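Asks: Got a predicted structure plus its sequence, pasted below:
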Amino acid sequence: MKIATFNINGIKARAAALTAWLDAAQPDVAILQEIKSVDENFPRELLEERGYNVETHGQKSFNGVAILSKLPLEDVTRGLPGDDDDEQARWIEATVVGKTALRLCGLYLPNGNPAPGPKFDYKLAWMERLETRARALLASEEPAMMAGDYNVIPQPEDAARPEAWVEDALFRPESRAAFQRIVNLGFTDALRTRLRGPGHYTFWDYQAGAWARNNGIRIDHILLTPQAADLMRDVGIDKEIRGYDKPSDHVPVWVDLDL
DNA sequence: ATGGTGGCCGAGCCA
C-alpha cells in the first residue's frame, strides 16, 4: 500500500497538478496539507471519480488538511487534541484497513515565523500537543503514522544552505529539539531509512530560482511507529513534479507498506 | 534586498 503526503498549497490552484500526479503515481492513500478551502468547496468529485474516498478538515483561506484513500476510511477525527480554543485546521486522523489496520495522522505544523514571537510560541505549543498525541500512538502498540508538513528542518544536511536558515523558525534549536524529542520516543523517520546524507529535499521556495538552483529543504516527513516501520518496503520523494506546470512549492513523499 | 513569488480572495495575510 502506497501512502503519500503532499502539501498542495491550495486545492483550487492545484487541482490539475494534483490529479496529474495521482493518475501517474497511483497512491492508495494521499494525505494533503494546505488545501486552503472550506469543506463545502473541496472538489470531492474530482477525486471520487478516481476511486478515492475523501475526508477533509478545512477552513477558509488558510491551512486545511485532507485524506484521500482508495480503501474506506474509518474512525475519522479532526483537530489536534489539547487546546479547545485552537481554530486552525491542521490535523486529521483516520484508520485504513488493509491486511491489518493502520492509523493515519495528517498534519500541517505551524510555520512559526517570525521567531521569536507569538507565532513561534504557537508552533512550540502545538508541538507539545503533538508529542502528547505521539506518545498515545506509541502506547497503542499498533501500526500508525504521522505524515505531513512538519515545517521543521531536522538537521543541517536537510537544507542545501543551512546557514541561510539559522534564524528561521523552521531551523531554530527549539523547533529541531521538539521534533527530535518526538522522533526519539520511538518513531522512524521513514525517508532516512533508505535515503541518507544531503540532497533529499521536499520544498523549494517559489522565489529566487530556488528550484533551478536546487536550493531546497526537507520539511515534509513521515514518522512511523515501530509496528508500522516493520511493514515498510520502500520510500521516496516525487521531486520531478516540482518542475511541472503550476507546481506546489512542496513535492510528495511516500512510503510503501506491506498491508 | 522595505524585494524576491505565489495563493487566498478581492486588502492584506500567510508562507
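Replies: Received the coordinates, thanks.
Asks: okay, CA-based contacts and neighbour counts for the rest of this
Replies: OK.
Asks: Tell me how far residue A:246 lies from residue A:237.
Replies: 18 Å (Cα to Cα, to the nearest Å).
Asks: between the two, who's got more neighbours?
Replies: The neighbour comparison of residue A:246 against residue A:237 (other Cα atoms under 10 Å) goes to residue A:237, with 19 against 12.
Asks: Beta-bridge partners for that one, please?
Replies: Taking DSSP bridges as the rule, residue A:237 bridges to residue A:253.
Asks: neighbours around residue A:239, how many?
Replies: So residue A:239, with other Cα under 10 Å, has 16 neighbours.
Asks: What of the one 5 residues further on?
Replies: Each residue near residue A:244 was counted by other Cα under 10 Å, and the total is 9.
Asks: again, but for the one 5 residues further on
Replies: Close neighbours of residue A:249, defined as other Cα under 10 Å, add up to 20.
Asks: Settle this for me: it is touching residue A:204, isn't it.
Replies: Yes: applying Cα atoms under 8 Å, one finds residue A:249 in contact with residue A:204, separated by 5.6 Å.
Asks: Now do the shared contacts for these two.
Replies: Counting by Cα atoms under 8 Å, 6 or more residues apart in numbering, no residue touches both residue A:249 and residue A:204.
Asks: Test my guess that residue A:106 contacts residue A:144.
Replies: No: applying Cα under 8 Å, one finds residue A:106 not in contact with residue A:144, separated by 11.0 Å.
Asks: List the contacts of stretch A:28-40.
Replies: Residues outside stretch A:28-40 that contact it (Cα under 8 Å, 6+ apart): A:1-11, A:56-71, A:90, A:106-108, A:147-149.
Asks: roughly how far out does that stretch sit from the chain middle?
Replies: On the basis of Cα atoms, centre = their mean, to the nearest Å, stretch A:28-40 sits 11 Å off its chain's mean C-alpha point.
Asks: Does that stretch reach DNA strand B?
Replies: Yes: for a cut-off given as Cα under 7 Å from any atom of the strand, stretch A:28-40 has contacts with DNA strand B, namely A:36-37.
Asks: List the buried residues of that stretch.
Replies: For stretch A:28-40, the buried set under the neighbour-count rule, 16 or more other Cα atoms under 10 Å, comprises A:28-39.
Asks: OK, contacts around residue A:103?
Replies: A:93-96, A:142-145.
Asks: What is the most widely separated pair among those?
Replies: Spanning the widest gap among those are A:93 and A:142, at 14.4 Å by Cα to Cα.
Asks: So those two - more neighbours on which side?
Replies: Remark: of residue A:93 and residue A:142, residue A:93 carries more neighbours, 26 against 16, as counted by other Cα under 10 Å.
Asks: Which of the buried residues of stretch A:28-40 sits closest to DNA strand B?
Replies: Distance ranking of the buried residues of stretch A:28-40 against DNA strand B, using Cα to the nearest atom of the strand, places residue A:36 first at 5.0 Å.
Asks: who touches stretch A:187-203?
Replies: Contacts to stretch A:187-203, defined as Cα under 8 Å, 6+ apart, come from residues A:157-160, A:183, A:216-226, A:229, A:234-237, A:239, A:249-253, A:255.
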